[in-house]
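# Curious how this folds, go ahead:
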Amino acid sequence: MAVIAVETRQAGRISRARQNWRFSTKILLPVGAVVVLAITFTVTALFWAAHESNSVSAERQIRMVRHAIGSSVSNLVKEQQTIAIWDQAVQELNSPTTNWQWVDDEIGTWLYRLFGHDEVYILTPHDEPVYAMAEGIRAPATKFEEARASLHHIIDSVRGRQAHEIEEGLETLGGVADERVEAHAHFLDLNGRPVVASAMKFKPSTAVVVQQSGLEFLIVSIRYLDGRFLKELSEENLIEAPRFSRTDTASGNEQSVPLHAEDGSILCYFVWSPELPGTRILRILLPAAVIVLVMVVAAMLLLTRRLRRATLELQASEAHAQHLAAHDVLTGLPNRALFEERMEQALVRVRRGEKLAVLLLDLDRFKHVNDTFGHQAGDALIREFARRLSGLISGSDTIARVGGDEFAILKAEARCRKDIEAFCANILTAVSPPFDLLGHQMFVGLSIGVSLAPEMSMDRTELIRRADIALYHAKSQGRNRYCIFGPIMDETIKLRSMIEDDLRRALLSKDQLMVYFQPLISGVDERVVGLEALVRWEHPTRGLIPPSQFIPIAEDEGLILELGEWVFREACAASRRWSDLSIAINLSPVQIRSRGFAERCIEIARECQVNPTKLELEITEGILLKDDNVVCDTLNALREFGFRIALDDFGTGYSSLSYLKQFAVDKIKIDRSFVQSLAGTDYQEALAIIEALVSLGRAMGLAVSVEGVETKEQERLLFAAGCREMQGYLFSPALSQEQIAVMLSSRGR
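Numbering: from 1, shown residues only. All right, here's what the predicted structure looks like:
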């Protein structure tokens, strides 16, 4: 492996050098050569870096200029559209007594003042000019004749006389055509000046006004690129000395981009003076670099004098013994002790201004490999993984095996976060091909946690701890990924641990946990037809902790079964109290997959003497997607006893007819996200989805309810879509049993 080979060669050179007592004099020439090469390399690198920086900056500015100029075409169309798609404009222009003062104020002058359109013309359906504006002042309509020859192609395209050109769209810095709004825009030459021109038909904005097709008025807008547009482009994009030129006259450090006419020919060139950061930085760094090089030369001379008085007396056996003591036998990589030693050395360099990344790596399926194919396959996996890793590092990096399937990397010269992310991505890519383990092809995932010095810490133990936290975060997010430590991860781990401890105590006392109930309302007469049981945790110091925060912890730490059973008992007590109402209970996937869960629910229902048909057990779509015999058996047993099965958050996952039939659920609950969309601009799409889900439920004989109703308008739309059972803050938030009793009493129950 790369690291082992390098260290072995170094040991060999040291062993041979021990026999030469005049080593100090013989190294003088090599050291001098190294110094000369270092100076040459440094100077070359500085100039190369300056050149590359200038090139990158120039390319960026070219892209920025292309985008800015190209956007002017589409912007002109969008600006025109604010006027052209307007009922009042269509009515005014088609009126026998057109108010031209209104046209001037609301169209011509308005486009000039708000968007900077230099000239605006309005043409009749027969392309005769009836209005003209130039530089914000109304002009004789006949002024259009000065530009007619240059604009005829754009006008013909909009009128449909050259329809094939409308589909060409935007090309480089060319033009844009939009068939939906019947507009066409392009760069062109107008009386010797570069302009962007756009033509668009006046159209009604609503169905109230009817415009006969083929008899539309036309609006034509022109912006001179070498006028106010040039100044705006310079100020908005910080472009120095911009100008337009008929020929490519860029000189010296100037840059230019061509502007294409509609036929693809070059109309003119946009020329400017680009920013050159590399040259500016070179002027700053060059004197400092010279000083550093002089100091390096002086240091090398001093070192050479000392080397003359020194000898290297190392024994090959000692070097080999030290190697074995500091390296892993299976892989030959440094072990934990050597890794920590090198990390301390790296941190010394960090204090001098370098950067360091600490990576902890953990194979995701190592235990599965050992259990399935034996320890020999596990050893083969470790060796092959170490070989792949070694091919990714440079000589200044360190790879170590610090545990069974745990590795660590010290990545030196970690210049920025993007470099580390790219390095981690390369590692994941290297692990993605299958491993050949004693004739078996095996895919193994990898999780990576990263901490950075000096940004996150300068302490070895703290850096490793933070990398370990990031590794845990990567595993918790689904494995086979990397995570760079962030402060929120540390706080999350600490908070999670505290919540876990407090939840265990809360489950023992039960005095902090409460079950609230949110009413389910009939959309027909607003009667309360059911209640949903929702667990609440009132922490003595933290206040109300939301279920989204402690339920996942309960699932991960094995507390969900105890918590879920307690909630189930509370719901059964409520069902016995209000026997005419259905009580909905949310079930965790962990509960559903737990053997004996169905039997425990049945036992509790019998103890509480409740009617199981009045209890709705809500599950999520994700539970049904996995072909799990335990889940299937559990749901069948619950349903056979009489419990009703409801599918919660329906529509947000893989809403499949096949599993609705396979598991025979009784009810679907449409997710609140669709209800919230009813208040947006895309409410028609959301309403259509809701109607489809309601129709699906009715077609399969399922009850349908919807959650998250917050406004009267949402209620109206949902009722029209066929929803007859609704739940949300419009009707009531989740309430305690005492509050529910008062509510039901006030409604005459």
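# what ranges of the chain fall below the confidence cut-off?
Within the chain, the ranges that satisfy pLDDT under 70 run 1-29, 31-32, 161-181, 250, 308, 310-321, 622, 625-628, 651-659, 748-749.
# Domain map for it?
75-225, 326-485, 510-746 (automatic domain parsing).
# Make JSON lines out of the ones you listed and add distance to Arg60 and mean neighbour count.
Where you see a C-beta, it was placed from the backbone N, CA and C, and this is true even at glycine. As requested, those are exported to JSON lines (distance: least, Cβ to Cβ, whole Å; neighbours: other Cβ atoms under 10 Å):
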{"stretch": "domain 75-225", "distance to Arg60": "17", "mean neighbour count": "18"}
{"stretch": "domain 326-485", "distance to Arg60": "16", "mean neighbour count": "18"}
{"stretch": "domain 510-746", "distance to Arg60": "35", "mean neighbour count": "17"}
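# Turn those domains into CSV, columns for distance to Ser251.
Formatted as CSV, the domains of the chain follow (distance: least, Cβ to Cβ, whole Å):
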stretch, distance to Ser251
domain 75-225, 20
domain 326-485, 36
domain 510-746, 51
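# Show me the one of those domains that comes nearest Glu262.
Evaluated over these, closeness to Glu262 peaks at domain 75-225, with 4.5 Å, by Cβ to Cβ.
# ok now the closest one, how far from the chain's centre?
Relative to its chain's centre, domain 75-225 lies at 40 Å (Cα atoms, centre = their mean, to the nearest Å).
# Just the CA trace of the lengthiest strand in the chain, in PDB.
Taking DSSP state E as the criterion, the chain has its longest strand at strand 528-539. The C-alpha coordinates for strand 528-539 follow below in PDB (Å, rounded to 0.1, in the frame of the first residue of the first chain):
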ATOM      1  CA  VAL A 528     -68.500  15.900  16.500                       C
ATOM      2  CA  VAL A 529     -68.300  12.400  15.100                       C
ATOM      3  CA  GLY A 530     -64.900  11.300  16.400                       C
ATOM      4  CA  LEU A 531     -61.800  12.200  18.400                       C
ATOM      5  CA  GLU A 532     -58.100  11.700  17.600                       C
ATOM      6  CA  ALA A 533     -55.900  10.800  20.600                       C
ATOM      7  CA  LEU A 534     -52.700  12.800  20.700                       C
ATOM      8  CA  VAL A 535     -50.000  12.400  23.300                       C
ATOM      9  CA  ARG A 536     -48.600  15.500  25.000                       C
ATOM     10  CA  TRP A 537     -45.600  15.900  27.300                       C
ATOM     11  CA  GLU A 538     -45.600  18.800  29.700                       C
ATOM     12  CA  HIS A 539     -42.000  18.800  31.000                       C
END
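# Parallel or antiparallel, list what pairs with it.
strand 513-522 (antiparallel), strand 543-545 (antiparallel), strand 582-586 (parallel) (DSSP bridges).
# now it, how far from the chain's geometric center?
Centroid displacement of strand 528-539 relative to its chain, using Cα atoms, centre = their mean, is 34 Å.
# swap in stretch 484-491?
Distance of stretch 484-491 from its chain centroid, counting by Cα atoms, centre = their mean, is 18 Å.
# How about stretch 478-488?
Distance of stretch 478-488 from its chain centroid, counting by Cα atoms, centre = their mean, is 14 Å.
# Same question for stretch 261-270.
That offset, for stretch 261-270, works out to 39 Å (Cα atoms, centre = their mean).
# Let me see the residues that make contact with it.
Here stretch 261-270 makes contact (Cβ atoms under 8 Å, 6 or more residues apart in numbering) with 65, 69, 153-154, 171, 174-175, 186-189, 194, 242-250, 256-260.
# In helices, which of those residues appear?
Among the contacts of stretch 261-270, the residues falling in helices (DSSP state H) are Val65, Ile69, His153, Ile154.
# residues in contact with the first one?
Read it as Val65. If you count contacts by Cβ under 8 Å, 6+ apart, Val65 has them with Asn237, Ile239, Gln255, Val257, Phe270, Trp272.
# Of those residues - the most surrounded one?
Within those, most neighbours by other Cβ atoms under 10 Å means Phe270, with 25 neighbours.
# Next, the buried residues of the helix or strand containing that residue.
Per DSSP states H and E: Phe270 is located in strand 266-273. Buried residues in strand 266-273, counting neighbours by 16 or more other Cβ atoms under 10 Å, are found at Leu267, Cys268, Tyr269, Phe270, Val271, Trp272, Ser273.
# And the first one, how close does it get to Ile619?
Translated: Leu267. To Ile619, Leu267 is 65 Å away according to Cβ to Cβ, to the nearest Å.
# before we move on, what about the third one?
Distance, Tyr269 to Ile619, using Cβ to Cβ: 66 Å.
# Assumed Met726 was part of a strand.
Yes: Met726: assigned to a strand according to DSSP: H, G, I helix; E, B strand; the rest coil.
# Please name the bridge partners of it.
Applying DSSP bridges, one finds that Met726 bridges with Ile521, Val706.
# Mind checking which of the contacts of stretch 261-270 are in strands?
Going by DSSP E, the strands hold 186-189, 194, 242-245, 256-260 from those.
# which residue packs closest to Glu182, ignoring adjacent ones?
Leaving aside its chain neighbours, Glu182 sits nearest to Lys201 (4.5 Å; criterion: Cβ to Cβ, 6 or more residues apart in numbering).
# OK, contacts around the one you found?
Residues near Lys201 by Cβ under 8 Å, 6+ apart: Ala84, Val158, Val181, Glu182, Ala183, Glu216, Phe217, Leu218.
# What distance do you get for the fourth one to Thr109?
In other words, Glu182. Distance of Glu182 to Thr109, given as Cβ to Cβ: 24 Å.
# Now the terminal residues of stretch 391-410, how far apart.
This stretch, stretch 391-410, spans 15 Å end to end (Cα to Cα, to the nearest Å).
# I misspoke; the intended subject was stretch 108-125.
Taking Cα to Cα as the measure, stretch 108-125 stretches 18 Å from start to finish.
# Touching that stretch from outside, list them.
75-76, 79-80, 83, 93, 103, 107, 129-136, 138, 141, 143-144, 147, 155, 195, 214-224, 227-229, 232.
# Just these: which are in helices?
Under the assignment DSSP H, these contribute Asn75, Leu76, Glu79, Gln80, Ile83, Leu93, Val103, Ala147, Ile155, Arg228, Phe229, Glu232 to helices.
# pretty sure the fourth one contacts Ile219?
Same thing as Gln80. Yes: taking contacts as Cβ atoms under 8 Å, Gln80 lies within contact range of Ile219: 6.0 Å.
# Mutual contacts of these two, please.
Residues touching both Gln80 and Ile219 (Cβ under 8 Å, 6+ apart) are Met200.
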